[in-house]
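Can you look at this prediction? I've put the sequence above it.
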Amino acid sequence: MSRRRAQAPPPPAVDDQGWGPEVGGGGGRRRRRRRPLLWLFVVVLAVLLALPFLVSARLTRMPVEGLARGGSPTHVLLMGSDSREGLTPEEQRELSTGSADVFTGERMDTILLLTVDRGRAAMLSFPRDLWVERCDDSIGRLNVATAIDGPGCLVDTVHRVSGIRAHHAVRVTFGGFRDIVDAVGGVELCLDDPIADRDAGIDLPAGCQVLDGADALGYVRVRKIDDDFQRMQRQQEFVKALAREVTQPSVLLNPVAMWRLSGDAGEAVQVDRSMGPLGLAQLAWAGRSIATGTVATYTVPVEPRTTSGGAFVLDPQQPESELLFARFRDGSVLLEAVDEGEPDEPAVVRSDVLVTVANGAGVDGLAGQVADRLAGLGYQIGEVTNAPPTVTTLVRYPPRQEEAARLVAGDVPGPTALEETPDVDHVTVVLSSEAAT
């Protein structure tokens, strides 16, 4: 608006589209440029707000007895079933699942408790071979509970073990897991070492790669290469990677992608009948913590032993396991995901951090491999270069970037040492030979 018009404003003019001037300056032409952007924002917001209702309407429901009602934090029992239901014999061979009976003797490959409250989240993995008292008062392995009396039996058994009664339950079969991963276009993971297991149907090279549904299923199932505890760590890492994919703008802001995902998820996932839109919205809110890597992850502490029948089983280790269960029960474990007094929203996320990677190990290609790994996790990569030899991997950072440096240090292979220095203007990783082991 010119100074002359401010002194003697004429009557509002109406253009040929019916728009008058904006209050505060500018003519109808500027308003016409802004209005489509406003409506675009409204449409996107409506899609995001409607998503929990959309997904809720399309999910498959299952009866689950013994769930908790009310109270906080909220506990959700995630069950990865070994059921082959919905898979043809050809698909069973493709996924290397074997041909166990669809309905008899169901076991849980994954038993994971997700605890959420006001955007914070923590995960607790229960070993399949945990030797416990189950819902029918029998003593045996935890993963057999659903074969005794359905998902409600597992809810009750977990409560007997930990004192934690789940508010909701989610069940995913082999085929459902594959379909969800494929619906988001695959999940990117960076592997330190190659993984090959004929029984799990995978042969994955080291490095960053996108896993489709079949390879992802093999990745979370394989355990012959190490043990069940490493397997549970892979499952936790995969949940984080999947959350990162789902929260990508290319998915969240794409109505077509969201419609496809909600349909595939609705067919692939079973939830308890009390899981409504508000419960799904709470899980989506907590998914931010999972996607940004600020979720706290734990595994039940155990002591191995052999039963009188010669079976190898695991007992909850005391008092360590009870202390951990207590922190999940009252929600105090969630405070460990962020510093006390800090807001729920993490101050630093990977996509905001610029990292230079320097090879101080003298190992050909090491800096490039680590840079690819960090890029796959969402970091911005600056230079990939060489550096003088170093005995320990250094994560160097300028003043006031310690939080970003600690985030990077947790994602660099091998032990690291932090070093604050004014000699760099962003986080710089100087790799030692320990990063190559």
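Now that the structure is in, tell me what you want to look at.

how about D315, what does it touch?
L130, W131, V302, E303, P304, R305 (Cβ atoms under 8 Å, 6 or more residues apart in numbering). In short, each C-beta sits where N, CA and C put it, glycine included.

Domain map for this protein?
Domain assignment for the chain, taken from automatic domain parsing, gives 58-336, 350-436.

worst average pLDDT in those domains?
Least confident of the domains of the chain, judged by mean pLDDT, is domain 58-336 with a mean of 78.

Which parts of the stretch 51-200 of the chain are helices?
Taking DSSP state H, counting those that start in this stretch to define them, one finds helices in the stretch 51-200 of the chain at 89-95, 145-162, 174-183.

I'd guessed V187 sits against V181; true?
Yes. With contacts counted by Cβ atoms under 8 Å, V187 reaches V181, the gap being 5.7 Å.

and D352, how many neighbours?
Residues near D352, counting by other Cβ atoms under 10 Å, number 13.

Same check on G276?
As a burial measure, G276 scores 14 neighbours (other Cβ under 10 Å).

ditto for R221
Neighbour count of R221, defined by other Cβ under 10 Å: 25.

With G186 instead?
G186 has 16 neighbours, counted by other Cβ under 10 Å.

Contacts only, for it.
Contacts of G186 by Cβ under 8 Å, 6+ apart are V210, L211, D212, G213, A216, E245.

where's it relative to L354, distance?
Counting by Cβ to Cβ, to the nearest Å, the gap from G186 to L354 is 26 Å.

export the helices of the stretch 51-200 of the chain to a markdown table and tack on distance to V220 and mean neighbour count?
A markdown table is the format used below for these (distance: least, Cβ to Cβ, whole Å; neighbours: other Cβ atoms under 10 Å):
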| stretch | distance to V220 | mean neighbour count |
| --- | --- | --- |
| helix 89-95 | 12 | 14 |
| helix 145-162 | 18 | 22 |
| helix 174-183 | 8 | 22 |
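
contacting residues for D330?
With contact set as Cβ under 8 Å, 6+ apart, D330 has no partners.

Now do the phi/psi pair for it.
Main-chain torsions, D330, degrees, to the nearest 10: phi -90, psi 0.

hey, what's V430 bridged with?
When assigned by DSSP bridges, V430 has beta-bridge partners A358, L394.

Ok, L191 next?
The bridge-partner assignment for L191, based on DSSP bridges, gives G207.

what about it, neighbour count?
Look at L191: counted by other Cβ under 10 Å, it has 17 neighbours.

now T385
A count of nearby residues for T385, using other Cβ under 10 Å, gives 13.

same thing with L323?
Look at L323: counted by other Cβ under 10 Å, it has 10 neighbours.

Please identify which helix or strand holds it.
Using DSSP states H and E, L323 sits in helix 320-330.

Please identify the buried residues of that helix?
For helix 320-330, the neighbour count (16 or more other Cβ atoms under 10 Å) marks S321, L324, F325, R327, F328, R329 as buried.

can you give me the strands for the stretch 201-350 of the chain?
Remark: strands assigned in the stretch 201-350 of the chain by DSSP state E, counting those that start in this stretch are 202-204, 207-211, 269-272, 296-299, 302-306, 312-316.

Please work out which of the ones you listed is packed deepest.
Using mean count of other Cβ atoms under 10 Å, the stretch among those with the largest mean neighbour count is strand 269-272, at a mean of 22.

Show me what that strand packs onto, helices and strands only.
If contacts are counted by 3 or more Cβ pairs under 8 Å, 6 or more residues apart in numbering; DSSP states H and E, strand 269-272 sits against strand 60-62, strand 168-172.

Let me know which of these is tucked in deepest.
For the helices and strands packed on strand 269-272, the largest average neighbour count (mean count of other Cβ under 10 Å) is found in strand 168-172, namely a mean of 23.

Identify the residues contacting the residue nearest to C208 when sequence neighbours are not counted.
Among residues not flanking C208 along the chain, G376 sits closest, at 3.8 Å (Cβ to Cβ, 6 or more residues apart in numbering). Contacts for G376 (Cβ under 8 Å, 6+ apart) come out as E188, L189, C190, C208.

one more time with 7 Å, if that's ok
Neighbour list for G376: E188, C190, C208 [criterion: Cβ atoms under 7 Å, 6 or more residues apart in numbering].

The closest residue in space to Y298 that isn't next to it in sequence: how many residues sit nearby?
Spatial nearest neighbour of Y298, chain neighbours left out: L124 (4.9 Å); criterion: Cβ to Cβ, 6+ apart. Using other Cβ under 10 Å, L124 has 24 other residues around it.

With R120 instead?
23.

Can you name the residues bridging to it?
Beta-bridge pairing for R120 (DSSP bridges): D117.

wait, doesn't it sit right on V333?
No. R120 is beyond contact range of V333, at 9.2 Å (criterion: Cβ atoms under 7 Å).

about what we covered before: between the contacts of G376, which sits nearest Q401?
Nearest to Q401 among the contacts of G376: C190, at 22.9 Å, using Cβ to Cβ.

and the closest one, what does it touch?
Shown in contact with C190 (Cβ under 7 Å, 6+ apart): G207, C208, D372, R373, G376, L377.

Turn the residues you listed into a markdown table, columns for distance to D315.
Formatted as a markdown table, those follow (distance: Cβ to Cβ, whole Å):
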| residue | distance to D315 |
| --- | --- |
| G207 | 38 |
| C208 | 38 |
| D372 | 41 |
| R373 | 37 |
| G376 | 38 |
| L377 | 36 |
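
Of the residues you listed, which is the nearest to V391?
Of all the contacts of C190, V391 sits closest to R373, with 21.4 Å by Cβ to Cβ.

Fine by me, we can end here.
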